[in-house]
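Undergrad: need a structure here:
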Amino acid sequence: MTFLEFIEHRRSMPFAWGKNDCMTFVLDGIEVQTGVSFDRPKYRTEAGARRALVRILRDSGASDVTALFDRHFERSRFPSPIGTLIARPAPEDRTTGYAMGFAVSGAKGAFLAARGLEFARHEPGDVYWRIE
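TA: Numbering: from 1, shown residues only. As a prediction, the model looks like this:
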């Protein structure tokens, strides 16, 4: 499956904690691009996702998801190529504090939200990592 086929497949999937949420979307998107599979924490609720993220951050010594991704990937500058990981500050997100997604064009990113996959223009506060 190519990265854009992955995005198209996720377009029709409803949001579901532990199956199709920000964490699983990012892990699956990285796997599609690199072939590297990460351990998937098991959870079914928002609280479970928060607990899983706290464990991941603690085990890695990272303070937040941006620090975690900095340990594994090189930051990229805008405009970024298709497939670049994006973290967008989202104070309303009680799990990570970021909306997580991928660049799908020079102008837009795909982000998983409660309504499913959404597409939005890149914003000045977005942080990017090159996935290779």
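
Undergrad: quick one, helices of this structure?
TA: 3-11, 22-34, 46-60, 65-72 (DSSP state H).

Undergrad: closest to residue 117 out of those helices?
TA: Proximity to residue 117 (C-beta to C-beta) singles out helix 3-11 among those, at 5.0 Å. All C-beta spots, glycine's among them, are computed from the backbone N, C-alpha and C.

Undergrad: let me see the contact set for the nearest residue to residue 115 once chain neighbours are set aside.
TA: Distance criterion C-beta to C-beta, 6 or more residues apart in numbering; nearest residue to residue 115, sequence neighbours excluded, is residue 15 at 6.9 Å. By C-beta atoms under 8 Å, 6 or more residues apart in numbering, the residues touching residue 15 are 21, 112-116.

Undergrad: out of the residues you listed, what pair is the most spread apart?
TA: 21 and 115 (12.3 Å).

Undergrad: those two - which one has more neighbours?
TA: residue 21 (19 against 8; other C-beta atoms under 10 Å).

Undergrad: can you give me phi and psi for that one?
TA: With angles defined as degrees, to the nearest 10, residue 21 sits at phi -130, psi -180.

Undergrad: any idea how far residue 114 is from residue 36?
TA: Distance of residue 36 to residue 114, computed by C-beta to C-beta, to the nearest Å: 28 Å.
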